[in-house]
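A.B. asks: Take a look and give me a structure for this.
(chains A and B)
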Amino acid sequence: AQTVTQSQPEMSVQEAETVTLSCTYDTSENNYYLFWYKQPPSRQMILVIRQEAYKQQNATENRFSVNFQKAAKSFSLKISDSQLGDTAMYFCAFMTPNTGNQFYFGTGTSLTVIP
Amino acid sequence: ETGVTQSPTHLIKTRGQQVTLRCSSQSGHNTVSWYQQALGQGPQFIFQYYREEENGRGNFPPRFSGLQFPNYSSELNVNALELDDSALYLCAVHAYNEQFFGPGTRLTVL
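C.D. replies: Have a look, this model is predicted:
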């Protein structure tokens, strides 16, 4: 079974500071993808960053980067220079082509950026 | 740009009724998934359609059913609504090993 665990229901960070959101997953698959999605109060799920399991290099997208530890099945998201617009729910997700590209989501972390 | 749209935005139904939710994308991608997101939870996979055929299903009863049309737009139908069906329903189209989500339909069952 594929599971995704986010152990931080809520987090806050001062504007311009750095925050790290945690995610662990469990799978027996070798070929898979990991994602972080952002869901602001407007409800639209927006892809923040993705990581292919076969790539050792951690993905980076501007202020967003991940720390992918495959052996530990850990996939944390680091947000640098936090901005007020980063306030949202963040969901970690896992997908493997071997299960029909079904996505599995964690329960989310509510991030608040404080001015 | 996938331009995923969903209708309606909000919907209120009473227990026992039936509902149809719709999803379409500008680009006509051939794989679409539907999710149920209860308040304070992550999205839960309902099912996936690929080229008009169901291609995977999560742990949802048969009263949740779907359709995908030749233009790859999609419907989610829920029969015999229950109070616990109140949730945000999201559709997502698949492209380039990613999913692009629509804005969701908020369903309230009274």
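
A.B. asks: where does chain A have its least confident helix or strand?
C.D. replies: Every helix and strand of chain A was ranked by mean pLDDT, DSSP states H and E. The lowest is strand A:103-105, at a mean of 91.

A.B. asks: name the helices or strands packed onto it?
C.D. replies: strand A:3-5, strand A:88-95, strand B:31-37, strand B:44-50 (3 or more CB pairs under 8 Å, 6 or more residues apart in numbering or on different chains; DSSP states H and E). C-betas here are computed from N, CA, C, even on glycine.

A.B. asks: what comes into contact with it?
C.D. replies: Contact with strand A:103-105 is made by A:2-4, A:25, A:35, A:37, A:91-95, B:33, B:35, B:42-45, B:92, B:99, as judged by CB atoms under 8 Å, 6 or more residues apart in numbering or on different chains.

A.B. asks: Tell me the bridge partners for the residue nearest to residue B:85 when sequence neighbours are not counted.
C.D. replies: Distances taken as CB to CB, 6 or more residues apart in numbering or on different chains place residue B:109 nearest to residue B:85, at 5.1 Å, with adjacent residues excluded. Residue B:109 forms beta bridges with residue B:13, as assigned by DSSP bridges.

A.B. asks: Same question for residue A:110.
C.D. replies: Here residue A:110 sits in beta bridges with residue A:10, residue A:89, going by DSSP bridges.

A.B. asks: One more: the one 4 residues further on?
C.D. replies: Listed by DSSP bridges, the beta-bridge partners for residue A:114 are residue A:14.

A.B. asks: for chain A, what spans make up the helices?
C.D. replies: Counting by DSSP state H, no segments of chain A form helices.

A.B. asks: which stretches of it have low pLDDT?
C.D. replies: Applying pLDDT under 70 to chain A picks out no residues at all.

A.B. asks: related to what we said a few turns ago, mind giving me the PyMOL select for the contacts of strand A:103-105, buried ones only?
C.D. replies: To isolate the buried members of these in PyMOL, using 16 or more other CB atoms under 10 Å in any protein chain shown:
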select buried, (chain A and resi 2+4+25+35+37+91+92+93+94+95) or (chain B and resi 33+35+42+43+44+45+92+99)
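
A.B. asks: Go ahead and flag the most central residue of the chain.
C.D. replies: All of this refers to chain A. residue A:36 (3.1 Å; CA atoms, centre = their mean).

A.B. asks: try chain B instead
C.D. replies: Nearest residue to the geometric centre of chain B (CA atoms, centre = their mean): residue B:34, 3.6 Å.

A.B. asks: In this structure it contacts residue B:91, no?
C.D. replies: Yes: the pair residue B:34 and residue B:91 passes the contact test of CB atoms under 8 Å, sitting 5.3 Å apart.

A.B. asks: okay, and the common contacts of the two?
C.D. replies: B:23, B:74, B:76.

A.B. asks: Between those residues, which sits nearest chain A?
C.D. replies: Proximity of the shared contacts of residue B:34 and residue B:91 to chain A was ranked by CB to the nearest CB; the top entry is residue B:23 with 13.3 Å.

A.B. asks: so that closest one touches residue B:101, yeah?
C.D. replies: No: here residue B:23 does not reach residue B:101: they are 9.9 Å apart, not a contact under CB under 8 Å.

A.B. asks: Of these two, which one has the most company?
C.D. replies: Between residue B:23 and residue B:101, counting by other CB atoms under 10 Å in any protein chain shown, residue B:23 is the more crowded of the two (28 against 23).
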